[in-house]
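Asks: 3D model of this:
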Amino acid sequence: MNTFTDEELAEIRRKNVQINGKVWHLMKLAEECAELNRAIIGYFTKGDSESHIVAEAADVEIALENLRLIYSLGVDEAKDAKFKRIAARIKEQEDLTDRDHIVDFLRRLVNDFSGGIP
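Replies: Residues are numbered from 1 along each chain as shown. Predicted coordinates for the structure are as follows:
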């Protein structure tokens, strides 16, 4: 159940962005992403609750909505391009085993952080 109408939410976002500015919102997004990251890691390493992940995801989503308002970028176009790549990956991976998926994920993760592995 939503407490606010779409119009009220838009006005809250607009005022929030106007008052705090771009730099503050970029820093807030970085902070919220870090908190979501910690919640996910805590879920796997310490048995933290899924509700903590959901709460942090909500914070990230709000921060992203504010960022969209600030930049007025072609976010929808960028998302469409990402979904096209995801759809292509799904098509390639439909016949892979769970182990193959894990190995592929880890390889991409290591490549992202190390600049590549053979």
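Asks: so which residue is dead centre in the chain?
Replies: Val60 (6.7 Å; CA atoms, centre = their mean).
Asks: that residue contacts Glu31, correct?
Replies: No. With contact defined as CB atoms under 8 Å, Val60 does not count as touching Glu31 (9.7 Å). Every C-beta, even on glycine, is put in place using the N, C-alpha and C of the backbone.
Asks: which secondary structure element of the protein has the lowest mean pLDDT?
Replies: Taking mean pLDDT, DSSP states H and E as the measure, the chain has helix 98-114 as its least confident helix or strand, at a mean of 79.
Asks: sorry, back to before: host element of the residue nearest to the centre of the chain?
Replies: Under the criterion of DSSP states H and E, Val60 resides in helix 50-71.
Asks: check which helices and strands the following helix or strand past that helix sits against.
Replies: Next in sequence after helix 50-71, counting helices and strands by DSSP H and E, comes helix 75-93. Taking 3 or more CB pairs under 8 Å, 6 or more residues apart in numbering; DSSP states H and E as contact, the helices and strands that helix 75-93 lies on are helix 98-114.
Asks: now the helix it packs on against helix 75-93, angle please.
Replies: 140 degrees (axes from the mean of the first three to the mean of the last three CA atoms, to 10 degrees).
Asks: and helix 98-114, how far out from the chain middle?
Replies: Between the centre of helix 98-114 and the centre of its host chain there is 19 Å, according to CA atoms, centre = their mean, to the nearest Å.
Asks: before we move on, what about stretch 45-63?
Replies: Chain-centre distance of stretch 45-63: 11 Å, with CA atoms, centre = their mean.
Asks: got it, and stretch 28-36?
Replies: 10 Å.
Asks: I'd like the numbering to begin with 35 instead of 1 from here.
Replies: In the new count, where the first residue is 35, that last one comes out as stretch 62-70.
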